[in-house]
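Asks: Have a look; sequence and predicted model below, questions after that.
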Amino acid sequence: MSRKTHQPFCRYLQWLGINTRVFNVGNYRRKLHGAQQPHDFFDPANPEGERSRREAAVEALNDMIRWFKKDDGVVALYDATNSTRARREMLLAACKKNDIQVMFIESICQDESLVLHNIMDVKLSSPDYEDMDPEQAAEDFKARIVHYEEAYETITEENLTYIKLINVGSQVIISHIQGYLQSRIVYYLMNLHIAPRSIFFSRHGESLFNVMGKLGGDSDLSARGKQYAKSLPLLIATHLGNSEQLTVWTSTMRRTIATAEHLTYPKLQWKALDELDAGVCDGMTYEEIEEQFPEDFANRDDDKFNYRYRGGESYRDVVLRLEPVIMDLERQRNILIIGHQAILRCIYAYFMNHSHEKLPYIKIPLHTVIQLTPRAYTCEEKRFKVDIEAVDTHRPKPKAGAPKSAAEIPLTEMPTEVPVNGDATITVKTMSTTTFKDGFKDGAAHGRNKAKDTAAGAATVPCPVPAPSPEEAETAKKAQDIQDALVEATAASATPALKLDQITTPPISVGSLENVSTPPHSPVPALSSRQDATPPTKVIANGLASPIPAQFTTLVSEVTQDEDASGSEKTLGSDDETSAPASATASAAPATATVIATDDISNLSIKTKNLKTTTPPSLLRDLLTQNPTAVWQEGPEYELTAGGSPRDPIMSPGGRLLPKTENWHFP
Ligand SMILES: O=P(O)(O)OC[C@H]1O[C@@](CO)(OP(=O)(O)O)[C@@H](O)[C@@H]1O
């Protein structure tokens with residue numbers, strides 16, 4: 001798996017509260033044998049290099065096993081090539097001895113331009129090539145890949161659990177995937193894409209409740225909030241670029257819908273984006289909560305992430321309910337989310353890799369657009385503050401020993417007189433541009449950035465289109481130079497088409513999954529308005545406990561399930577979207593399920609034959625929950641019908657898989 005994949009993968013699991021760690025064998029190799037080894041170090045005919053690389057692999061493996069035992073690890077990513085049978089056997093033997101389940105992730109890249117892109121984007125910034133001329137570094141890495149290819153044995157071992165991602169997931173092969181966690185991992189990996197895109201966040205414009213310091217509710221925008229809504233189209237158009245498409249996601253609450261009112265892009269409302277439910281405290285101010293529920297108020301300050309309002313939600317609950325949103329966000333191109341303070345903190349923390357402890361205090365001010373652009377290792381962040389005043393709803397974490405009382409912590413920027421009726425004339429004067437590498441700042445860091453931005457704004461930033469800073473211009477120039485050098489180097493080289501990116505092995509312990517639940521919020525984005533970047537064109541599943549993989553937004557997917565789970569692949573039927581699989585009419589095993597879906601989801605059909613499973617697949621549930629016209633009804637038999645709403649009946653509280661059944665029936 002490339003680092004581009006394992007970084008978000010690890011973030012995703014950690015964000016869900018699953019203890020996850022990466023064990024990068026390259027780091028062990030550098031520590032033991034020094035960085036900047038030439039390509040022949042990786043030559044399989046070089047016994048010394050082979051011995052050294054094995055030593056690093058063993059040390060990483062031992063550390064990983066220790067981590068599982070001592071630190072309650074749940075998922076480890078053993079990040080190495082693992083591209084020979086011998087290496088995989090070594091890994092499997094050690095894991096088996098320690099009761100660790102192993103799932104291999106093989107990324108096969110046959111598209112040379114993608115490989116080149118990966119070298120440029122990721123490998124050249126590796127410590128292996130620090131301070132090396134980019135052209136020389138690219139040549140060396142390509143020679144290293146040739147060595148990998150010489151020894152490379154793609155996974156063909158029977159009964160191994162694996163997913164093969166071909167050309168960044170345009171084709172996917174899965175084998176012996178079992179259980180909820182492995183299914184989630186597969187689904188997540190299938191959703192990742194590398195197409196360039198930005199995710200824009202904005203809270204709704206200032207609301208009447210914000211002005212009164214009240215939490216929750218479903219109030220309208222204040223006059224200043226309405227002005228902010230009017231200013232959004234220009235701001236977004238300026239930073240999106242004319243040719244780019246965008247979809248706007250809002251919650252189902254008035255204040256976010258009103259904020260999106262003047263935007264002309266396609267819009268979707270998600271129930272899952274509704275603000276954290278404050279339960280009995282909904283509609284109160286912090287002072288009122290402190291007065292009426294002093295113990296709760298103190299408990300929330302002690303552990304804000306886990307504190308659950310009486311009759312309401314905790315931040316932990318919100319993270320879990322947002323999981324389908326994150327999954328869908330990963331599939332999309334440009335999205336603008338108009339959301340709420342707590343909701344945007346959770347989504348922001350996913351992209352920026354913030355801990356659960358810091359998450360509830362992330363600053364997401366009103367009247368500010370945040371733009372996140374995923375890069376190879378991290379997300380680039382820009383903040384655009386619109387010059388329309390708004391109250392500050394951020395309540396910082398009380399410092400140890402400091403007064404905790406809400407009354408003692410004044411809301412900043414609270415205007416003495418607030419125009420809440422009629423159209424107050426508030427003009428948008430300027431928009432300043434702020435660029436943070438990392439948006440979670442303590443007070444001091446924020447101050448520092450603010451000062452820097454003001455200086456930059458005064459000197460160079462025209463309103464509303466900001467010019468790149470000198471640092472940005474310099475970075476862009478360097479990137480261009482490297483790109484040019486690489487293109488030249490590739491043109492001059494006779495290296496054959498590259499077949500191997502990396503194979504990575506993440507062992508997974510069968511940890512408890514109680515926390516990975518899916519609460520009864522059902523996302524219903526219309527498929528037709530999606531901008532899926534690279535949906536798989538074909539999915540082959542083999543020997544599955546959960547036989548139907550998700551992501552059937554593409555034309556045809558065929559799935560086989562071997563009853564004896566023998567491991568041999570069988571792909572039935574044809575690629576013709578109208579044809580039923582050959583085996584659908586066969587009376588004996590293997591059982592089959594064929595899913596045919598077009599972008600017009602009303603044409604969805606699922607046909608099964610002889611399918612026996614004790615747990616209907618969670619992945620099918622994912623398909624259905626994202627399918628606006630499919631209904632999954634519980635009953636003596638499951639039914640799939642067209643034309644309804646896939647709301648709560650599908651989503652079982654607590655995220656358990658759907659109940660047992662022996663037969664499926666699809667009218
Ligand atoms: O978790 P804290 O910091 O209380 O922030 C969440 C609160 O933010 C608010 C504003 O105070 O969000 P919103 O602006 O969407 O209304 C409340 O509704 C919500 O309860």
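Replies: Arrived safely, thanks for sending.
Asks: Residue 328 sits in which helix or strand?
Replies: Counting by DSSP states H and E, the element that carries residue 328 is helix 315-331.
Asks: Tell me which other helices or strands that helix touches.
Replies: Here helix 315-331 touches helix 3-15, helix 179-191, helix 341-352, helix 618-625, going by 3 or more C-beta pairs under 8 Å, 6 or more residues apart in numbering; DSSP states H and E. For glycine as for every other residue, the C-beta is placed from the backbone atoms N, C-alpha and C.
Asks: got JSON lines for those, with mean pLDDT and mean neighbour count too?
Replies: Converted to JSON lines, the helices and strands packed on helix 315-331 look like this (pLDDT from 0 to 100; neighbours: other C-beta atoms under 10 Å):
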{"stretch": "helix 3-15", "mean pLDDT": "77", "mean neighbour count": "21"}
{"stretch": "helix 179-191", "mean pLDDT": "86", "mean neighbour count": "22"}
{"stretch": "helix 341-352", "mean pLDDT": "97", "mean neighbour count": "23"}
{"stretch": "helix 618-625", "mean pLDDT": "44", "mean neighbour count": "23"}
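Asks: And the ones you listed: which comes nearest the ligand?
Replies: helix 341-352 (3.5 Å; C-beta to the nearest ligand atom).
Asks: Pull up the pairing partners for the helix or strand following the closest one, direction included.
Replies: Proceeding N to C from helix 341-352, the next assigned helix or strand is strand 368-374, under DSSP H and E. Next to strand 368-374 in the sheet, as set by DSSP bridges, lie strand 199-203 (antiparallel), strand 379-386 (antiparallel).
Asks: List every C-alpha atom in strand 368-374, with coordinates, as PDB.
Replies: Output in PDB follows, covering the C-alpha atoms of strand 368-374 (Å, rounded to 0.1, in the frame of the first residue of the first chain):
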ATOM      1  CA  THR A 368     -15.100  31.700   7.900                       C
ATOM      2  CA  VAL A 369     -14.600  29.300   5.100                       C
ATOM      3  CA  ILE A 370     -11.900  26.600   5.600                       C
ATOM      4  CA  GLN A 371     -10.500  25.000   2.500                       C
ATOM      5  CA  LEU A 372      -8.700  21.600   2.900                       C
ATOM      6  CA  THR A 373      -6.700  20.200   0.100                       C
ATOM      7  CA  PRO A 374      -5.500  16.600   0.700                       C
END
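Asks: close to the ligand, is it?
Replies: No: judged by C-beta under 6 Å from any ligand atom, strand 368-374 makes no contact with the ligand; its nearest approach is 12.4 Å.
Asks: Buried residues of that strand, list them for me.
Replies: 368, 369, 370, 371, 372, 374 (16 or more other C-beta atoms under 10 Å).
Asks: residues in contact with that strand?
Replies: Defining contact as C-beta atoms under 8 Å, 6 or more residues apart in numbering, one finds that strand 368-374 is touched by 8, 196-203, 232, 235-236, 239, 344, 348, 351-352, 364, 379-386, 439.
Asks: and with 6 Å instead?
Replies: With C-beta atoms under 6 Å, 6 or more residues apart in numbering as the test, strand 368-374 has contacts from 198-202, 235, 239, 351, 379-385.
Asks: What of stretch 217-229?
Replies: Residues outside stretch 217-229 that contact it (C-beta under 6 Å, 6+ apart): 205-209, 211, 253-255, 258-259, 261-262, 283, 367, 386, 388, 390, 419-420, 424, 426.
Asks: downstream neighbour of the helix holding residue 328 in the secondary structure list?
Replies: Counting by DSSP H and E, the element after helix 315-331 in chain order, helix or strand, is strand 335-339.
Asks: for whichever residue of the chain sits closest to the ligand, what are its contacts?
Replies: In the chain, no residue comes nearer to the ligand than residue 340, which is 3.1 Å away by C-beta to the nearest ligand atom. Going by C-beta under 6 Å, 6+ apart, residue 340 touches residue 275.
Asks: how about the residues of the stretch 101-250 of the chain that lie near the ligand?
Replies: For the stretch 101-250 of the chain, the residues in contact with the ligand (C-beta under 6 Å from any ligand atom) are 203, 207, 209, 210, 215, 216.
Asks: Strands - which of those land there?
Replies: Residues of those located in strands (DSSP state E): residue 203.
Asks: want to throw the residues of the stretch 101-250 of the chain next to the ligand into a markdown table with neighbour count and pLDDT?
Replies: Below are these laid out as a markdown table (neighbours: other C-beta atoms under 10 Å; pLDDT from 0 to 100):
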| residue | neighbour count | pLDDT |
| --- | --- | --- |
| 203 | 29 | 98 |
| 207 | 29 | 97 |
| 209 | 20 | 97 |
| 210 | 28 | 97 |
| 215 | 22 | 98 |
| 216 | 21 | 97 |
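Asks: I'd like the residues of the stretch 101-250 of the chain next to the ligand laid out as CSV, including distance to residue 35.
Replies: Output for these, formatted as CSV (distance: C-beta to C-beta, whole Å):
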residue, distance to residue 35
203, 44
207, 53
209, 55
210, 52
215, 52
216, 53
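Asks: thinking again about what came up before, buried ones from the contacts of stretch 217-229, can you make that a ChimeraX selection?
Replies: The ChimeraX command for the buried members of the contacts of stretch 217-229 (criterion: 16+ other C-beta under 10 Å) is given here:
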select :205,206,207,208,209,211,253,254,255,258,259,367,386,388,390,426
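Asks: Mind checking which of the contacts of stretch 217-229 land in helices?
Replies: Secondary structure from DSSP state H places 208, 209, 211, 254, 255, 258, 259 of the contacts of stretch 217-229 in helices.
Asks: Closest one of those to residue 55?
Replies: Nearest to residue 55 among these: residue 259, at 57.4 Å, using C-beta to C-beta.
Asks: Next up, the contacts around that closest one.
Replies: Applying C-beta under 6 Å, 6+ apart to residue 259 gives the contacts 204, 205, 229, 338.
Asks: Relative to residue 355, how far out is the residue of the chain closest to the ligand?
Replies: 21 Å (C-beta to C-beta, to the nearest Å).
Asks: now do residue 161
Replies: Counting by C-beta to C-beta, the separation of residue 161 from residue 355 is 30 Å.
Asks: higher neighbour count, these two?
Replies: Under the criterion of other C-beta atoms under 10 Å, the comparison of residue 161 against residue 355 puts residue 161 first, with 19 against 11.
Asks: The more buried one and residue 176 touch, don't they?
Replies: Yes: contact status for residue 161 versus residue 176: in contact at 4.4 Å, counting by C-beta atoms under 6 Å.
Asks: Could I get the phi/psi values of residue 236?
Replies: Backbone torsions of residue 236, given as degrees, to the nearest 10, read phi -70, psi -50.
Asks: so how far is residue 263 from it?
Replies: In this view, residue 236 and residue 263 are 7 Å apart by C-beta to C-beta.
Asks: ok, now residue 346?
Replies: Where residue 263 is concerned, residue 346 sits at a distance of 23 Å (C-beta to C-beta).
Asks: so residue 163 sits in a strand?
Replies: Yes: under DSSP: H, G, I helix; E, B strand; the rest coil, residue 163 falls within a strand.
Asks: circling back: looking at the strands paired with strand 368-374, which one has the lowest mean pLDDT?
Replies: Of all those, mean pLDDT reaches its minimum on strand 379-386 (a mean of 93).
Asks: in what helix or strand does residue 106 lie?
Replies: Going by DSSP H and E, residue 106 is in strand 104-108.
Asks: Could you pull up the residues touching residue 28?
Replies: Residue 28 sits in contact with 56, 59, 60, where contact means C-beta under 6 Å, 6+ apart.
Asks: Setting aside sequence neighbours, what's the nearest residue to it?
Replies: Using C-beta to C-beta, 6 or more residues apart in numbering and skipping residues adjacent in sequence, the residue nearest residue 28 is residue 56, 4.0 Å away.
Asks: Buried ones in the strand or helix carrying that neighbour, by neighbour count?
Replies: Per DSSP H and E: residue 56 is located in helix 47-70. For helix 47-70, the buried set under the neighbour-count rule, 16+ other C-beta under 10 Å, comprises 49, 52, 53, 56, 57, 59, 60, 61, 64, 65, 68.
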